[in-house]
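*Asks:* When you get a sec, could you give me coordinates for this:
(chains A and B)
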There are 2 protein chains.
Amino acid sequence: MSETTLRRNALSIFRAALAASDPVQAVLRHLRLDRDVLIAAGRRYRLKSYRRILVVGAGKASAAMALAVEHLLGRRVQSGCINVKYGHIAKLRRIGLNECGHPVPDPAGVEGAARIADMVKSAGEGDLVICLISGGASALLPLPAPPVTLEEKQETTRLLLACGANIHEINAVRKHISLLKGGQLARLAQPATVLSLLLSDVIGDDLDVIGSGPTAPDESTFGTALSVLRKYGIERDVPAAVRNRIEEGLRGAVPDTPKPGDSTFQRVQNVVVGSNMLAVEAAQRRARELGFRPLVLSTFVEGETREIARMHAAILKEMSATGRPVKPPACLITGGETTVTLRGDGLGGRNQEFVLAAALDLAGLRDVVVLSGGTDGTDGPTDAAGAIADGHTIARANELGLDAARFLSENNSYHFFEPLGDLVKTGPTNTNVMDIRLALAGVPKKQKKRGVL
Amino acid sequence: MSETTLRRNALSIFRAALAASDPVQAVLRHLRLDRDVLIAAGRRYRLKSYRRILVVGAGKASAAMALAVEHLLGRRVQSGCINVKYGHIAKLRRIGLNECGHPVPDPAGVEGAARIADMVKSAGEGDLVICLISGGASALLPLPAPPVTLEEKQETTRLLLACGANIHEINAVRKHISLLKGGQLARLAQPATVLSLLLSDVIGDDLDVIGSGPTAPDESTFGTALSVLRKYGIERDVPAAVRNRIEEGLRGAVPDTPKPGDSTFQRVQNVVVGSNMLAVEAAQRRARELGFRPLVLSTFVEGETREIARMHAAILKEMSATGRPVKPPACLITGGETTVTLRGDGLGGRNQEFVLAAALDLAGLRDVVVLSGGTDGTDGPTDAAGAIADGHTIARANELGLDAARFLSENNSYHFFEPLGDLVKTGPTNTNVMDIRLALAGVPKKQKKRGVL
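*Replies:* Got it, this is the predicted structure:
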């Protein structure tokens, strides 16, 4: 069965995407040590010329990123402090880890953030600050601008979410009641040199969005923050301290976040070491190696999972029928992250639901396989990363008495794929660059020749 | 503004797709008269060798198709009879039109179908029967197998729809209680030669699905029909005449529909003269002429309109950001037909709603344009075929006080685009090959040079 080969290929391509997202590998792939010179994305850092190397950061994958930095720089690292989620630790020698709350920030987070702020403030012209940012960094690096308290900041976020503000609007407000977000960590570190390594978990990889951009220029102002509160009519509902902070900012009593072109960033380099796009590109390379024509459609995919699946299925049908948009053997690749509107009370995740919905549309089609997986290895509240299916999946399910449409309507994709043996399990990967979706059609000739079939 | 050029280009590409779908043009593009020889898709018909040329058929666009046939063959046409929807007529000289009910068949339809059956039955070995099938033909060519009545057939369809049977299952039953569907018109015409010209309004252009396939082989059997009734537990609910007809068929008392390979089809040629795919390919050619890299993603698009729009927007974003899957200037093209789940009581259609949802995701993006239009020229219950938008649309709407998200949530896309002047109006086209969606990015250099900007 050619589907067996296609399934093996799909899994291999997915694994390549996962490997590119591994925090340790991601850092090591973007940093190179040439004797005494650290090279990051073309920029050279002569290590001996720095008095101290300090490592700071926050995020669920940042302990692993720190491990890679210690592996590379060893005793050249002076010290460091990183805020991580409880349990998301690694064995480090010189960089301190501070476990704290996520997704809800807690006092431990504030304490760690204050220590990080002190450390970068202590950095002088001769110091190199390496900053490690990964998913969750925004919640894990909470340093409200006094007298705003953590509770008042959280209350503000809740109000913004409740009134339907989008993530850019919420961030504009939060950056202006915080002391590290929106490029302020980079400003605190001046006049030291800052090398920021980022593992992006957001669509588009905008530097000011990843972890709320502690080392990136911020376009939003105190004026933006105020206009967001006004737009949703919550200017009078937010805590007084929040209102006062914004008013102080508008009066110029406290400095705004550093803007693009600000001198802060003359000594700052931001390098995205891992992202959905880099994972997608790794998948693309592996697909090409295996003999497929890869076609990356988008890393910006959002929307209701089951409908996005139908669009993928529609393109796969066209590919099978007419060789458009790319002639088989071919591999469509998409990234990003979809959502699921819960209708039933089954068990599943967006990746498994994607594959289930696609399988329904592809029933009976030959030589096609779809796979969708979360790079974090845990799709929804399940122990699977995603699932895999082909044109025979629905028929196989029918033989087992499984009604695919019903499982889909109950958001019960896990219990659909489990008895079929079609769950994709990787275990938790301790990273997250969103999802990878693959749609394969046609077995490459070189694999046919090799007799893999 | 480059968007002005892109909009003009998008409209030009859409018009090319419409031209390919025009019933008269579609027939004339696929039939050629070389002196006395009629050539259709490579097959040659020496007209003088036929005693008579008879023209039959059914469908909303079939009067226009007949006009093209009369234009080409003139007095060589002996006579004809075509069932059309009330008002869907044309000025014909030799082919009779019979106006009847659609989408609900009526006695006029049955009378016309009986006349058509008599005409093709009268055809002998020396006759050429030209059959013209277009959208709506299934309802417009109702000839229930006696003693089944039209009412009993309709009751059966209602039962099948109510229990959730899919279109293939419904057709399997209907073909076996009818006398013309499922290749039976072609069989009645034997031993005459049959040339069937089809304007397809279904996804995939399967010959046995277009107008229920009166001249195409049918894979389904009386056994299939029975298993469908059993699957949904309505075997005892359908009218007794329907049950009897199927039982007679199973006993071999009445012949099954002709299967693939049946001798019936030795003298039958089916030519799809118009379809969503042909329209998409016309759009592709026009896009290329204008200097875009065209990329046909799929003609199989189905699903919830606003989510399908998000997927298109995601691909357009990727194209703008990274030049994938195809480098601008580029034009993504998709076909098929989406659905809208009504939530509000606004005015709109699936094409206008598609463009509204896409515009929301594309707000702020430069050099991009999206257009979606129904080839029938009437999108939903509106006088527009669709709409057009670019990255400035949402900002322009805001200036007019139009909240795009609210219009979308109320299915009120018509009233959103009307004040913006962004409705695409063509008037009714009297054809239907589903929808065309275009997503353009980047202005072709040759147009920049020409100073069109």
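*Asks:* Whichever strand in chain A runs longest versus strand B:293-301: what angle between them?
*Replies:* Secondary structure of chain A per DSSP state E: the longest strand is strand A:293-301. Calculated by axes from the mean of the first three to the mean of the last three Cα atoms, to 10 degrees, strand A:293-301 forms an angle of 80 degrees with strand B:293-301.
*Asks:* measure the closest residue to chain B within the stretch 251-400 of chain A to residue B:425 for me?
*Replies:* The stretch 251-400 of chain A approaches chain B most closely through residue A:307 (3.3 Å), counting by Cβ to the nearest Cβ. C-beta here means a position set from N, CA and C on the backbone, and glycine is covered the same way. Distance from residue A:307 to residue B:425, counting by Cβ to Cβ, to the nearest Å: 28 Å.
*Asks:* Comparing these two, which shows the higher neighbour count?
*Replies:* A count of neighbours by other Cβ atoms under 10 Å in any protein chain shown puts residue A:307 above the other of residue A:307 and residue B:425, at 22 against 14.
*Asks:* Which strand or helix spans that one?
*Replies:* Residue A:307 belongs to helix A:305-322 when elements are defined using DSSP states H and E.
*Asks:* That helix packs against which elements?
*Replies:* Using 3 or more Cβ pairs under 8 Å, 6 or more residues apart in numbering or on different chains; DSSP states H and E, the elements in contact with helix A:305-322 are strand A:330-336, helix A:350-362, strand A:368-374, strand A:435-441, strand B:293-301, helix B:305-322.
*Asks:* and residue A:346, what does it touch?
*Replies:* A:407, A:410-415 (Cβ atoms under 8 Å, 6 or more residues apart in numbering or on different chains).
*Asks:* Take these and, keeping just the buried ones, write it as a PyMOL select command.
*Replies:* Buried members of those, defined by 16 or more other Cβ atoms under 10 Å in any protein chain shown, are picked up in PyMOL with:
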select buried, chain A and resi 407+410+411+412+413+414
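*Asks:* where does residue A:3 land on pLDDT?
*Replies:* Looking at residue A:3, its pLDDT stands at 89.
*Asks:* per-residue confidence at the closest residue to it other than its chain neighbours?
*Replies:* Distance criterion Cβ to Cβ, 6 or more residues apart in numbering or on different chains; nearest residue to residue A:3, sequence neighbours excluded, is residue A:390 at 4.3 Å. Residue A:390 is assigned a predicted lDDT (pLDDT) of 98.
*Asks:* any idea how far residue A:390 lies from residue A:422?
*Replies:* For residue A:390 relative to residue A:422 (Cβ to Cβ), the value is 9 Å.
*Asks:* ditto for residue A:374
*Replies:* For residue A:374, the distance to residue A:422 - Cβ to Cβ - is 16 Å.
*Asks:* can you list the domain ranges for chain A.
*Replies:* What automatic domain parsing lists as the domains of chain A is A:2-15+A:277-443, A:23-274.
*Asks:* before we move on, the earlier item: would you tell me which of the helices and strands packed on helix A:305-322 gets closest to residue A:260?
*Replies:* Of all the helices and strands packed on helix A:305-322, it is helix B:305-322 that lies closest to residue A:260, at 18.3 Å by Cβ to Cβ.
*Asks:* ok, and for that closest one, which residues are buried?
*Replies:* Buried, per 16+ other Cβ under 10 Å, within helix B:305-322: B:305-320, B:322.
*Asks:* Repeat that for stretch A:166-182.
*Replies:* Residues of stretch A:166-182 classed as buried by neighbour count (16+ other Cβ under 10 Å): A:169-182.
*Asks:* Show me those that map onto strands.
*Replies:* Using DSSP E, none of the buried residues of stretch A:166-182 sit in strands.
*Asks:* In terms of neighbours, single out the busier of residue A:390 and residue A:422.
*Replies:* Legend: neighbour count by other Cβ under 10 Å for residue A:390 and residue A:422, higher for residue A:390 (26 against 23).
*Asks:* Name the residues linked to that one by a beta bridge.
*Replies:* residue A:369 (DSSP bridges).
*Asks:* Leaving out the residues flanking it, which one is nearest to residue A:234?
*Replies:* Nearest non-adjacent residue to residue A:234 (Cβ to Cβ, 6+ apart): residue A:159, at 5.1 Å.
*Asks:* Oops, could you answer that again for residue A:39 instead?
*Replies:* residue A:32 (4.5 Å).
*Asks:* Next one: that neighbour from chain B, what distance?
*Replies:* 25 Å (Cβ to the nearest Cβ, to the nearest Å).
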